[in-house]
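Participant: quick one, what's the 3D model for this:
(chains A, B and C)
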Amino acid sequence: MAHILEVKDLSLHYLTRFGQKINAVTDVSFTMKQGEILGIAGESGCGKSTLVNGLMGLFISPLYPTSGDVLVNGESLMNRNPDDIRRNVLSQKVSMIPQGAFNALNPTRKIKDIAADVMAAHSENQKLNKQQIYERLRERFDLFGMETEHILNSFPIQLTAGERQRSVIGISTLLNPKVVIADEPTSALDVTTQKVVIKMIFDLLEKNIFSTMIFITHELPLLRHVAHNIAIMYAGEFVEYGTSVQVVHDPRHPYTKALMGAMLSADADQKNRKPTTIEGAPPSLSKKIEGCRFAERCPSARPECRQKTQSMRMVEGRLVRCDYAE
Amino acid sequence: MFKLLKNLIKEPMFVIGTFLFLVTIVAGLFGTHLYTPSPDGMSYEAPGSAYWLGTDNLGQDYVALLLRGLQNSLYVGFTAGIIATTIGTLVGLFAGFKGGIVDDILNMFTNLFIVIPSFVVLVLVSASWPEGRSLTLIAVLIGVTTWPWTARSVRAQATSLRGRDHIALARINGASNLQIIFKHILPYLASYVFMVFIMQVASGILSESAISMIGLGPIGEGSTSLGVILNTAKNNSAITYGYWWGVFPAAIVITVIVFALYLLNNSMEGVFNPRLRK
Amino acid sequence: MLKKYPTVRYVLLRAIWYFLTFLVALSLNFFLPRLGSDPVDIMMAQSSFSSPEIRKQTEENLRKDFGLIILDKEGNILRDEGGNAIKASKFSQLVTYVGQVFKGDLGTSFKNQKPVSEIIMQALPWTIALQFPAILFGWIFGNSLGALAAYKRGVFDKALFPLALLMSSVPFFVFGMVLVYFFGIVWEIFPAVGAYSLELTPGFSLDFLFSVAYHYVLPFLSIFLILAGGQAIGMRSMGIYELGTDYIKYAKWLGLKETRVLAYLFRNAMLPQLTGLALSIGQMVGGALITEMIFSYPGLGMAMLTAIQTNDYPVIQGVTLLITTSVLLANFTVDILIALLDPRVKQSLAMDVK
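Facilitator: Next up is the predicted model:
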């Protein structure tokens, strides 16, 4: 099988209580090979987190799929009943490392019990007793070079921020998922802890606990070091998709360029570049949008941009959603 | 603010609650003036063309009694609600805003009077006041025993507001504590305080009916309340004899007022607290 | 002090706090009835006496019982030169009262000359047997329904929520009256009054126990259902709040079983509901006592009603003191439960000591 993950023209929408439709994700397509790391970046509210739910096949009201398909190992996640997704996809095929580990862990449950819940939820065929479960947990957590006993026997509040984030990573990858989605796993952590967490993720990759990962962040410099490919998202669409070197060092879409400018980069290549801000706000996704979604904020927008809907096109080996990008 | 109102109007609970509440208010305010009671008849006459809702043990027209009872119960509920909300909001605001020792002391008082049941205080004071136990006295008693609930929740809100940037900014600009409390904290809590007030009115009406039910209700000409009507019915074993009209109309009226207030509170909570929406 | 055992230290501190609160409640229990008219005057006004001597004698005995006059060591009334009893100061009255309470002496009923403690001990088992299960199961049932409504939403929630809201706006005793009317009087399915058939002598016979169970149904239901309604409303909004939290989202992302996610939700939303129960237990007990009156259930509610109707102050005070004490105990228990059940509270206790 060539691709472990295939996303075809995926569109997702929310339905508000008053029947309003918000098109949070529009026509997202990409594929991933085994062992690939894809970075997705964009401003908050650009649809990154919504996309994550779609990639897991997890549609909890008010989120609904509009069109398109997601295939993991060639198997579609669309139009399946939620219990089927829960049993056969989550934690096993696609798993998620959320941001803000403190809030992600049930405050009244010990780490070992949360982890045991994950194992119990996916081992209906082979009934494991508590002792076996804890045994396997210890083995796994020992791999991470953590104080296994201390962490497993603690409530979340008794752990440090780094310990919590690493517990979350341990729990999310417990069942060796095919694809791991890490949603800003290092935000809200101090720099030292960030390094520890990143190192842990790479240890897991090295030990082959999992091999394919989508890394979502708004920190582009970090992505350049971590990801093979990078996709930039704006107002629910991918606007640029290429290798990390292409996207970070030689962006072509005006939004990507502006985004790079907005980052205070410590990078040597970009010396003396002052951070700039992008004026304006993304368009409302509850209405049908005519023309390019970035036109209102684009420094090099032309009159035609407001009428003609842009589609992805190949520009020197990368995909860019702009007719005038060179 | 306007948008919130628009959302509220789309809320069926809010519409029904407002409707029921307005009906009870109008009936309570004007009912006794508009309705001419039928002359007294026999004891416990069944509902019919002469008496729509029958008569009580003294042969009095139940419709007139209910209208008077509704008026008095609303009076007690609102008086108690205003007293409790005012004391509670002031205590809660100062405690939450000041913090430190002021907070500790006020909080201790609040907790003290939350754990000592207000029902007990009501019983003890009412029992020692056989003469001149007026509607106002009972309303004041309810008000001064139920304020800790308001204080507790307002304090929690005020504490969370205290740390906000605009408060710090006002302080840097030399605003006094009073200015900050009334200009910068109270407006943010207005909707919240209003919701608390609604609950205090409901609890005032319920407390009055409870205390009247055990025979410690208001005494005196024209001070019939819904609780007093129920108590009279119970003392005359109206239920045992099957005189349902002695109990059900009053019971329904109490339930409808309280239900209307709960509906208002819950629908507002849904709109002001977006997490409950969806 | 006790730095190594923060939980023990906390329990001790709470115990001290509740003891001080008890003293305040005790003083209120003493002073409040004396705010209005003098209770002895009220009682005297209700009775007629054959001669002024007997009248004076009765009044003095009452004042003695109330601790309103000074006694010597043998318990004789101290008199001034005119032969009138010397009135005790309010403070010394309070001291006498507190001393008596701690000895378990709650005074003597004015009505039937029985010790108040005896009257209370007769009524108390009935009240506990009725209220404890009704409040406990009502809490559990209501909270389960509320959590389920929050989790499921949809039709179940749309039907349950208004119903629960309506139930919670009905006072216990009003619902009791409705139940009595329909089930007791009109349809005659359940007995309308009492705790057992009066033809039977109380004891552990099968007939008697059956009769007790039969009489138990309506009063139990009138407390249980109303209380469950209120709890369901509270739990529903707590549950919806918790549903939006990250740990529930994460549990769903991990593909945990639905029952497990619901258990997470219940466990966390339950903690504030437990605090809520402790805080409102005073109101619940008050309402439930009135329900006892509707059913003429021979518990504390009836004892208090009888006492109120006959201005039997010692009994009223005894009952109110007991209510306050049990509410304080319930709050103390919940405080400790929360400290044991919520790791966050436990952790903050450990931090406080450091």
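
Participant: please count neighbours and contacts with C-alpha atoms only from this point.
Facilitator: Noted.

Participant: count of neighbours near residue C:92?
Facilitator: Applying other Cα atoms under 10 Å in any protein chain shown, we find 14 residues neighbouring residue C:92.

Participant: hey, C-alpha coordinates of the helix or strand where it lies in PDB?
Facilitator: Assessed by DSSP states H and E, residue C:92 sits inside helix C:90-102. Written as PDB, here are the backbone C-alpha positions of helix C:90-102 (Å, rounded to 0.1, in the frame of the first residue of the first chain):
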ATOM      1  CA  LYS C  90     -29.400  36.900  79.800                       C
ATOM      2  CA  PHE C  91     -25.800  35.800  79.900                       C
ATOM      3  CA  SER C  92     -26.200  33.600  82.900                       C
ATOM      4  CA  GLN C  93     -29.300  32.200  81.300                       C
ATOM      5  CA  LEU C  94     -27.300  31.300  78.200                       C
ATOM      6  CA  VAL C  95     -24.600  29.600  80.300                       C
ATOM      7  CA  THR C  96     -27.200  27.600  82.100                       C
ATOM      8  CA  TYR C  97     -28.800  26.600  78.800                       C
ATOM      9  CA  VAL C  98     -25.600  25.500  77.200                       C
ATOM     10  CA  GLY C  99     -24.600  23.600  80.300                       C
ATOM     11  CA  GLN C 100     -27.900  21.700  80.200                       C
ATOM     12  CA  VAL C 101     -27.700  21.000  76.500                       C
ATOM     13  CA  PHE C 102     -24.200  19.400  76.900                       C
END
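
Participant: ok, and for the helix or strand following that helix, which residues are buried?
Facilitator: Note on helix C:90-102: by DSSP H and E, the next helix or strand toward the C-terminus is helix C:116-152. In terms of neighbour count (16 or more other Cα atoms under 10 Å in any protein chain shown), helix C:116-152 has its buried residues at C:116-117, C:119-120, C:123-124, C:126-127, C:130-131, C:134-135, C:137-151.

Participant: could you pull out the strands for the stretch 101-250 of chain A?
Facilitator: Using DSSP state E, counting those that start in this stretch, the strands of the stretch 101-250 of chain A run over A:179-183, A:212-216, A:229-234, A:237-243.

Participant: list the contacts of the residue nearest the centre of chain B.
Facilitator: By Cα atoms, centre = their mean, the mean C-alpha position of chain B lies nearest to residue B:201, the distance being 1.4 Å. Contacts for residue B:201 were tallied using Cα atoms under 8 Å, 6 or more residues apart in numbering or on different chains; they are B:77, B:78, B:80, B:81, B:82.

Participant: ok so, going back, the strands of the stretch 101-250 of chain A: which one's closest to residue B:233?
Facilitator: In terms of Cα to Cα, the element of these nearest to residue B:233 is strand A:179-183, at 65.9 Å.

Participant: so which bits of the stretch 51-200 of chain A are right by chain B?
Facilitator: residue A:62 (Cα under 8 Å from any Cα of the partner chain).

Participant: same check, this time on the stretch 51-200 of chain C
Facilitator: So far as Cα under 8 Å from any Cα goes, the stretch 51-200 of chain C lies against chain B at C:165, C:166, C:169, C:170, C:171, C:174, C:177, C:178, C:180, C:181, C:185, C:186.

Participant: picking up where we left off before, the host helix or strand of the residue nearest to the centre of chain B: which residues count as buried?
Facilitator: Residue B:201 belongs to helix B:186-213 when assigned by DSSP H and E. Neighbour-count burial for helix B:186-213, with 16+ other Cα under 10 Å as criterion, is recorded at B:186, B:189, B:192-193, B:195-213.

Participant: for the closest residue to residue B:24 other than its chain neighbours, what are its contacts?
Facilitator: Using Cα to Cα, 6 or more residues apart in numbering or on different chains and skipping the chain neighbours, the partner closest in space to residue B:24 is residue B:257 (6.7 Å). By Cα under 8 Å, 6+ apart, the contact list for residue B:257 reads B:20, B:21, B:24, B:202.

Participant: possible to save the residues you listed as TSV with secondary structure?
Facilitator: Converted to TSV, the contacts of residue B:257 look like this (DSSP: H, G, I helix; E, B strand; the rest coil):
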residue	secondary structure
B:20	helix
B:21	helix
B:24	helix
B:202	helix
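
Participant: gap between the residue nearest in space to the middle of chain C and residue C:317?
Facilitator: Centroid-nearest residue in chain C, with Cα atoms, centre = their mean: residue C:285, separated by 3.5 Å. Distance, residue C:285 to residue C:317, by Cα to Cα, to the nearest Å: 16 Å.

Participant: neighbour-wise, which one of the contacts of residue B:201 leads?
Facilitator: Going by other Cα under 10 Å, residue B:80 tops the contacts of residue B:201 with 33 neighbours.

Participant: all helices for the chain, in order.
Facilitator: You didn't pick a chain, so chain A it is. Remark: helices assigned in chain A by DSSP state H are A:48-55, A:82-88, A:101-104, A:111-121, A:130-143, A:148-152, A:161-172, A:191-206, A:220-226, A:244-249, A:254-262.

Participant: nope, chain C please
Facilitator: C:6-31, C:39-46, C:52-65, C:90-102, C:116-152, C:154-169, C:172-179, C:206-243, C:246-253, C:258-294, C:300-309, C:313-341, C:343-353.

Participant: count the residues that sit near residue C:231.
Facilitator: 26.
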